[in-house]
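Colleague: what follows is a predicted protein model with its sequence.
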Amino acid sequence: MTDVSLPADLRAQILRQVQLAGGSECCGLVEGSRDGDHFRILGLYPARNLADARDRFEIDPLDHLAAHKKARANGRVLIGCYHSHPHGRCEPSATDLAGAGEDNFLWLIAAGEKLSAFVYRDGSFFGADWVTSSE
């Protein structure tokens, strides 16, 4: 089973970004490490959402490149992304599935005060369990 370690302060940062975005989807990238089926989140990079629709997200390529460079400077990689479903459920949508493409990439999805984790693999999303983190 896949599990994800997310420090409380980073979880709070995502949920604050959700609130600030109002009725639009917020988005960003996740820095960390992956060891087999364990993902360890160590940093977040909020990104501008370039999507025309309020219920879609498209990470600004310049923000993506900047996050990649910062993660590399930290000796890490981007292991996933996050976004919100302000009027939806805390699970991948058909649009998310259509936009996914990188295997073993972590997707965090926020809806209200809930946050769920999924891994995209072999054309599907698989749920992940949270591991308590005190970092």
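Modeller: It's in.
Colleague: right, and Pro86 touches Ala21 too?
Modeller: Yes: contact between Pro86 and Ala21 holds when scored by C-beta atoms under 8 Å: they sit 7.0 Å apart. Glycine gets a C-beta too; all of them are placed from N, C-alpha and C.
Colleague: so which strand or helix has the nearest residue to Arg54 once chain neighbours are set aside?
Modeller: What sits nearest to Arg54 in space, not counting adjacent residues and going by C-beta to C-beta, 6 or more residues apart in numbering, is Ser24, at 4.7 Å. Following DSSP states H and E, one finds Ser24 outside all helices and strands.
Colleague: state the next helix or strand along the chain beyond the one helix or strand Arg72 maps to.
Modeller: Element membership of Arg72, judged by DSSP H and E, is helix 61-73. Downstream of helix 61-73, the first helix or strand assigned by DSSP H and E is strand 77-84.
Colleague: can you show me the helices along the chain?
Modeller: 8-21, 61-73, 94-99 (DSSP state H).
Colleague: name the helices or strands packed onto the first one?
Modeller: Using 3 or more C-beta pairs under 8 Å, 6 or more residues apart in numbering; DSSP states H and E as the contact criterion, the elements in contact with helix 8-21 are strand 38-47, strand 77-84, strand 105-111, strand 114-121.
Colleague: quickly compare the ones you listed and say which is most buried.
Modeller: strand 77-84 (a mean of 23; mean count of other C-beta atoms under 10 Å).
Colleague: distance from it to the middle of the chain?
Modeller: For strand 77-84, the separation from the chain centroid amounts to 3 Å (computed by C-alpha atoms, centre = their mean, to the nearest Å).
Colleague: I appreciate the help and will end here.
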